[in-house]
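Colleague: The following comprises the amino acid sequence and a computationally predicted model.
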Amino acid sequence: MTRDRVRPLFSEETRAPEVYAAKHGRNWKSKLRAAWMSGGNEEGTGGVLRSLRNTHGPSWLFYFRPETAVRA
């Protein structure tokens, strides 16, 4: 799916990356991408981040900005 064709995020899907970012600091995207690629744990997100990887793809993370995320 390209960036223009992904569905809008639900509130819990927006919140999970925000929580992960707050916990992991400035390099949160690199840490999350590494967890996704290694099959690691996204720590406390209840599988929401794994689901986002599966539905929106890893490249989606590059474009995601918590402050501009669309909330459904």
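Modeller: That came in fine, so what should we check first?
Colleague: Please count neighbours and contacts with C-alpha atoms only from this point.
Modeller: Fine.
Colleague: Residue 33 and residue 58 touch, don't they?
Modeller: Yes - in this structure, residue 33 is within contact of residue 58 by Cα atoms under 8 Å, at 7.1 Å.
Colleague: Same drill for these two, tell me which one is more crowded.
Modeller: residue 33 (18 against 15; other Cα atoms under 10 Å).
Colleague: Mind pulling the model confidence for that one?
Modeller: For residue 33, the model assigns a pLDDT of 92.
Colleague: Residues contacting stretch 47-67, please?
Modeller: Contacts to stretch 47-67, defined as Cα atoms under 8 Å, 6 or more residues apart in numbering, come from residues 1, 3, 6, 12-14, 16-18, 29, 33, 36, 42.
Colleague: Sort out which of those residues are buried, if you could.
Modeller: 13, 14, 16, 17, 18, 29, 33, 36, 42 (16 or more other Cα atoms under 10 Å).
Colleague: mind checking which helix or strand the fifth one is in?
Modeller: Residue 18 belongs to helix 11-24 when elements are defined using DSSP states H and E.
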